[in-house]
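Student: When you get a sec, could you give me coordinates for this:
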Amino acid sequence: MSKITVETCEIEGLKVITPSVFGDERGYFMETYNQNDFKEAGIDMDFVQDNQSSSKKGVLRGLHFQINYPQDKLVRVVSGEVFDVAVDLREGSKTYGKWYGVRLSAENRKQFFIPKNFAHGFIVLSENAEFAYKCADFYHPNDEGGIAWNDPDIGVEWPMPEGMTAKDLIISEKDQKWPGIKALK
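Tutor: Numbers count the residues shown, from 1 in each chain. Below you'll find the predicted structure:
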């Protein structure tokens, strides 16, 4: 019996996964990844790299992708809360350039599966957040790509952390320089 619930999204390939949580007076236990359960849910791949980051409130990371070595990703939040976004960059896709976002938190324990050829990013809504992700290909530093987080042609509706506006966001210099999606064609 599968220990996960999988929700499909408006954009084909994206999936929101909620693991079963077993709790008692001691705390809780959950499997964050079980290859058999994920395979049964149609997510059949070999993850080769795990990453984890820590960010403070108002940090926006993204929107990133790898050009020649695209990665399938399974992302989750270990502590805190983020709004996580995927943008469809699959050539010929009927939803090319469309985005989907989901709140991931330590509290809701949801995970987000993002297939290769999607751009990915997130904004931290809590005071701090620890973000973990599994990747189905290795990171190649010379293969980085990105699109502007605020590209009007995509129109991501980023929720602002409480007490902040877009001008208060903390965005790396590199992420401030990515072009819009039209530059990819």
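Student: Please count neighbours and contacts with C-alpha atoms only from this point.
Tutor: Will do.
Student: surely Ile171 meets Leu60?
Tutor: Yes: the pair Ile171 and Leu60 passes the contact test of CA atoms under 8 Å, sitting 5.4 Å apart.
Student: Those two - which one has more neighbours?
Tutor: Taking neighbours as other CA atoms under 10 Å, Ile171 and Leu60 compare with Leu60 leading, 24 against 16.
Student: what about the strands in the protein?
Tutor: Assigned by DSSP state E, the chain shows strands spanning 4-8, 15-19, 22-24, 27-29, 49-56, 60-66, 73-79, 81-88, 99-105, 111-114, 118-124, 128-135, 144-146.
Student: packing partners for the last one?
Tutor: Meaning strand 144-146. strand 60-66 (3 or more CA pairs under 8 Å, 6 or more residues apart in numbering; DSSP states H and E).
Student: who touches the strand it packs on?
Tutor: Residues from elsewhere that reach strand 60-66, judged by CA atoms under 8 Å, 6 or more residues apart in numbering: 71, 117-124, 139-140, 143-149, 169-172, 175.
Student: May I see the PyMOL selection of the buried members of the residues you listed?
Tutor: In PyMOL, a selection of the buried entries from the contacts of strand 60-66 looks like this (16 or more other CA atoms under 10 Å):
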select buried, resi 71+117+118+119+120+121+122+123+124+139+145+146+147+148+149+169+170+171+175
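Student: So what's the predicted local confidence for Ser2?
Tutor: On pLDDT, Ser2 comes in at 56.
Student: Find the residue closest to the residue most central in space within the chain in space, skipping its chain neighbours.
Tutor: For the chain, Asp84 is the residue whose C-alpha lies nearest the centre (CA atoms, centre = their mean; 4.8 Å). Excluding its sequence neighbours, the residue lying closest to Asp84 (CA to CA, 6 or more residues apart in numbering) is Phe122, at 4.3 Å.
Student: what pairs with that neighbour across the strands?
Tutor: Arg61, Asp84 (DSSP bridges).
Student: contacting residues for it?
Tutor: So Phe122 contacts 60-63, 82-85 (CA under 8 Å, 6+ apart).
Student: same question for stretch 90-110, mean pLDDT?
Tutor: On average, stretch 90-110 scores 97.
Student: Mind listing what's buried along it?
Tutor: Taking 16+ other CA under 10 Å as the criterion, stretch 90-110 shows 96-106, 109-110 as buried.
Student: about what we covered before: so which of the strands of the chain is nearest Met164?
Tutor: strand 118-124 (11.3 Å; CA to CA).
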